[in-house]
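A.B. asks: sequence? don't have it. structure:
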């Protein structure tokens, strides 16, 4: 296992201290920077702890972990199992959605058409995000100004075409 730079440095200082006879006394800063174990050791211990807790080993692997080489038969078998699992999961989801739709259809059939319409209108109105007073006034003012401009424009066009038609006739 490769040692980190901090581990090598700590070991070198420990050897130097032992050679000088300084004994076991280390500076607090040096002690705080020492890494007690390498990342590989910590990763292995974490995987072992996860397995002991009941997790599958495949779920605990890190993305950069080396992949196990499988024979072609094992790879095909695992691919088939994965495909079967995905199909079963998809079928289960589709059945759940179908059951949900059927349940909604049954509840809507129990009510009359008008009552169902009114209840859906009320439900939709509860989801509406109503504007505050300032936004309402601003939007209303923009609408009124646009209608006035359009009315003036169309009125002027009407007068012009009316005058043109009167001259032609």
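C.D. replies: Nice, I can see it. Everything numeric in this text was worked out from a predicted model, so none of it was measured.
A.B. asks: what average pLDDT does the longest helix seen in the chain get?
C.D. replies: The helix that spans the most residues within the chain, counting by DSSP state H, is helix 72-110. In this model, helix 72-110 carries a mean pLDDT of 85.
A.B. asks: what's the spacing between that helix and its chain's center?
C.D. replies: Put simply, helix 72-110 sits 22 Å off its chain's centre (Cα atoms, centre = their mean, to the nearest Å).
A.B. asks: ok, now stretch 126-144?
C.D. replies: For stretch 126-144, the distance to the chain centre is 33 Å (Cα atoms, centre = their mean).
A.B. asks: mind listing what's buried in that stretch?
C.D. replies: Residues of stretch 126-144 classed as buried: none (neighbour count, 16 or more other Cβ atoms under 10 Å). Every C-beta, even on glycine, is put in place using the N, C-alpha and C of the backbone.
A.B. asks: what mean pLDDT would you report for it?
C.D. replies: Throughout stretch 126-144, pLDDT has a mean value of 94.
A.B. asks: re earlier: show the subsequent helix or strand relative to the longest helix of the chain.
C.D. replies: Using DSSP states H and E, the helix or strand that follows helix 72-110 in sequence is helix 113-127.
A.B. asks: what angle do that next one and helix 72-110 make?
C.D. replies: 120 degrees (axes from the mean of the first three to the mean of the last three Cα atoms, to 10 degrees).
A.B. asks: helices or strands up against helix 113-127?
C.D. replies: Counting contacts by 3 or more Cβ pairs under 8 Å, 6 or more residues apart in numbering; DSSP states H and E, helix 113-127 packs against no other helix or strand.
A.B. asks: how about a cut-off of 10 Å?
C.D. replies: Contacts defined by 3 or more Cβ pairs under 10 Å, 6 or more residues apart in numbering; DSSP states H and E place helix 113-127 against helix 72-110.
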